[in-house]
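Novice: give me coordinates for this.
(4 chains)
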Protein chains: 2
Amino acid sequence: MAKLLVVDDEQKIREMIRKYAVFEGYDVEEASDGFEAVERCEKENFDLIIMDVMMPDLDGFSAVKAIRRFKNTPVIMLSARGEEYDRIHGFEVGVDDYVVKPFSVKELMMRVSAILARSRAVSQPAADTASFEGLEIDYTARIVKIDGERVEMSPKEYELLFFMSRNCNMALSRETLLTEVWGYDYFGDDRTLDTHIKLLRRSLGEYQKFIVTVRGVGYRFDAQ
Amino acid sequence: MAKLLVVDDEQKIREMIRKYAVFEGYDVEEASDGFEAVERCEKENFDLIIMDVMMPDLDGFSAVKAIRRFKNTPVIMLSARGEEYDRIHGFEVGVDDYVVKPFSVKELMMRVSAILARSRAVSQPAADTASFEGLEIDYTARIVKIDGERVEMSPKEYELLFFMSRNCNMALSRETLLTEVWGYDYFGDDRTLDTHIKLLRRSLGEYQKFIVTVRGVGYRFDAQ
DNA sequence: GCTTTTCTCCACAAATTCATCACATTTACC
DNA sequence: GGTAAATGTGATGAATTTGTGGAGAAAAGC
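Specialist: Numbers count the residues shown, from 1 in each chain, chains lettered A, B, ... in the order given. All right, here's what the predicted structure looks like:
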């Protein structure tokens, strides 16, 4: 789960935020002033920082500026009503959001989850796919398409195709295929492989041309 | 202007809040106990509810819980000093803010306007929804609609649908689904998942087409 | 407290997939 | 061309996986 750093000089406010945040399932750490916040950020990686503007010694903006020199952690600023000019100032420094005191903790948490979702969305990996002419393979979705049309296959056919296409242009021995697709502890008939190659070829239609027999060894997925 | 509902069994307190709120320009209605509050909310739409925790018959939390089943109106809770445990309890129920008695009405009004401003400004971008053809999912409000009609589901069905649709177009193994939806410490029967898939499909009606069986693996939410 | 809903597990049905065999075909080598 | 080994293929029960209704337990609501 995400780890938050709450920075405020008022213990009460930190406590209030912590309670709700912990309830929401976040890991929460606290700092009571700007200097401590900078220090903590040097040592640890937080997913998000909730920082008060007004603090003795080092104020919120200066602290964010200092942290920005080595980390790009998202920040939500807490500011007192009427400090409207801060908003402008804050966006320059690179603050992600603003919450004006007195605030509702629920509201604050909604913004937290919104920002976290956003930064998570950016790091979402693209679908893992490959295509060989009109044969498309989506490894994540476990979908195989032939000329845009979905093809239904049995689990073993998928596994065979996946393994072979991932190791294309390599002669794969029967033994390798059996241990990789069936598992290291497979004791059955060696000819079972042939049968499944047959089924896979049937499913692939014209693109069975990619499945090449390597006589005396096994098979190869031939991406040309 | 915004319409408030003030719920408290003490007429004095309702009167005090009403006076100040009307002066601030709000429409104010009153209810003297939890049951009345729920009833009013069924019939009318309020922008915010100010609710006392301690009331005879139906207490504030139970009232909010009841209201939450059909409305998502923001709530400020009034609680007596020393009822600190209520804070946690309230978060579960979905309370926006807390004011401890005896409170300053001015302070209360500041929070009212803060929440109203926020829910006006932010409730739009904070809405976290997705739609797949006629199937709409509101992750924040936990509402699922089919062709505009709200569908009631059990908690597990929501969780399953949420997780699967958030990770759509991915083959999700039974194990992944069980650990993510049931929790990493689930020890029960693997077939329980099938049963809940069955129930979810039933609830989705024609849109059960999105829930695809991935034989030998698990299931996939297929957003096409 | 009692009622209602939800969850889990079970048992059986239905569908799919698998492993194996027997026989046909191909290939390599003489 | 002949022969043996390797591979292709159809068929077939067995085994596995998934769908589904229902019963009892557990949890939630009243």
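Novice: what sits against the residue in chain A that chain B sits nearest to?
Specialist: Distances between chain A and chain B by CB to the nearest CB are smallest at residue A:155, namely 3.1 Å. Where you see a C-beta, it was placed from the backbone N, CA and C, and this is true even at glycine. Taking CB atoms under 8 Å, 6 or more residues apart in numbering or on different chains, we find residue A:155 in contact with B:215, B:216, B:217.
Novice: ok, now how distant is the second one from DNA strand C?
Specialist: It refers to residue B:216. 6 Å (CB to the nearest atom of the strand, to the nearest Å).
Novice: tell me the secondary structure for that residue?
Specialist: Secondary structure, DSSP: H, G, I helix; E, B strand; the rest coil: residue B:216 is coil.
Novice: ok, it - how many residues close by?
Specialist: Residue B:216 has 14 neighbours, counted by other CB atoms under 10 Å in any protein chain shown.
Novice: how about the last one?
Specialist: Taking other CB under 10 Å as the criterion, the count of residues near residue B:217 is 16.
Novice: quick check: phi and psi at it.
Specialist: phi -120, psi -70 (degrees, to the nearest 10).
Novice: in contact with it, which residues?
Specialist: Contact analysis of residue B:217 by CB under 8 Å, 6+ apart lists A:142, A:155, B:171, B:172, B:173, B:174.
Novice: could you rerun that using 7 Å?
Specialist: Residues near residue B:217 by CB atoms under 7 Å, 6 or more residues apart in numbering or on different chains: A:142, B:171, B:173.
Novice: which ones among those residues lie within strands?
Specialist: residue B:173 (DSSP state E).
Novice: interface residues of chain A facing DNA strand C?
Specialist: Residues of chain A lying near DNA strand C by CB under 7 Å from any atom of the strand: A:152-157, A:182, A:186, A:188-189, A:191-192, A:195-196, A:199, A:215.
Novice: which among those residues end up buried?
Specialist: Buried subset of the residues of chain A next to DNA strand C (neighbour count, 16 or more other CB atoms under 10 Å in any protein chain shown): A:153, A:156, A:157, A:182, A:196.
Novice: confidence-wise, which of those comes last?
Specialist: Across these, the bottom pLDDT score, 88, is held by residue A:182.
Novice: ok, and the closest non-adjacent residue to residue A:142?
Specialist: Of all residues not flanking residue A:142 in the chain, residue B:171 sits nearest, at 3.9 Å (CB to CB, 6 or more residues apart in numbering or on different chains).
Novice: so the one you found touches residue B:215, yeah?
Specialist: No: taking CB atoms under 7 Å as the definition, residue B:171 is not a contact partner of residue B:215, at 10.2 Å.
Novice: taking the buried ones among the residues of chain A next to DNA strand C, tell me the two that lie furthest apart.
Specialist: Greatest spacing in those, by CB to CB: A:153 and A:182 (16.1 Å).
Novice: report the contact partners of residue A:169.
Specialist: A:220, A:222, A:223.
Novice: and for residue A:29?
Specialist: Residues near residue A:29 by CB under 7 Å, 6+ apart: A:3, A:5, A:40.
Novice: make it 6 Å
Specialist: Shown in contact with residue A:29 (CB atoms under 6 Å, 6 or more residues apart in numbering or on different chains): residue A:5.
Novice: for residue A:197, same thing?
Specialist: No contacts exist for residue A:197 under CB under 6 Å, 6+ apart.
Novice: how about 7 Å then?
Specialist: Counted by CB under 7 Å, 6+ apart, residue A:197 has contacts A:211, A:219.
Novice: just give me the neighbour total for the residue nearest to residue A:142.
Specialist: Applying other CB under 10 Å, I find that residue B:171 has 21 neighbouring residues.
Novice: and it, how far from residue B:218?
Specialist: The spacing between residue B:171 and residue B:218, counted by CB to CB, to the nearest Å, is 7 Å.
Novice: pretty sure residue A:173 contacts residue A:216?
Specialist: No: here residue A:173 does not reach residue A:216: they are 9.6 Å apart, not a contact under CB under 7 Å.
Novice: after the helix-or-strand element of chain A with minimal mean pLDDT comes which helix or strand?
Specialist: Using mean pLDDT, DSSP states H and E, helix A:85-93 stands out as the lowest-scoring helix or strand of chain A, at a mean of 53. Using DSSP states H and E, the helix or strand that follows helix A:85-93 in sequence is strand A:97-101.
Novice: just to revisit the earlier point, nearest to residue A:137 among the buried ones among the residues of chain A next to DNA strand C?
Specialist: residue A:153 (10.8 Å).
Novice: still on that earlier bit, between the contacts of residue A:169, which is nearest DNA strand D?
Specialist: Taking CB to the nearest atom of the strand as the measure, DNA strand D lies nearest residue A:220 of the contacts of residue A:169, at 11.1 Å.
Novice: tell me the secondary structure of residue A:206, please.
Specialist: Of the three states, residue A:206 takes helix under three-state DSSP.
Novice: give the contact list for it.
Specialist: With CB under 7 Å, 6+ apart, residue A:206 has no contacts at all.
Novice: for it, give its distance to DNA strand C.
Specialist: For residue A:206 relative to DNA strand C (CB to the nearest atom of the strand), the value is 19 Å.
Novice: determine the longest helix present in chain A.
Specialist: Taking DSSP state H as the criterion, chain A has its longest helix at helix A:105-122.
Novice: now do the buried residues in it.
Specialist: Neighbour-count burial for helix A:105-122, with 16+ other CB under 10 Å as criterion, is recorded at A:105, A:106, A:107, A:108, A:109, A:110, A:111, A:112, A:113, A:114, A:115, A:116.
Novice: of those, which are in range of chain B?
Specialist: A:106, A:107, A:110, A:114 (CB under 7 Å from any CB of the partner chain).
Novice: the first one against residue B:98, yeah?
Specialist: Translated: residue A:106. No: counting by CB under 7 Å, residue A:106 sits too far from residue B:98 to count as a contact (10.2 Å).
Novice: skip the chain neighbours and tell me the closest residue to residue A:208.
Specialist: In space, residue A:208 is closest to residue A:201, 3.8 Å off (CB to CB, 6+ apart).
Novice: so what pLDDT did the one you found get?
Specialist: On the pLDDT scale, residue A:201 gets 94.
Novice: in three-state terms, label it for me.
Specialist: Going by three-state DSSP: residue A:201 is helix.
Novice: show me the domain layout of chain A.
Specialist: Chain A is divided into the following domains under automatic domain parsing: A:3-122, A:129-221.
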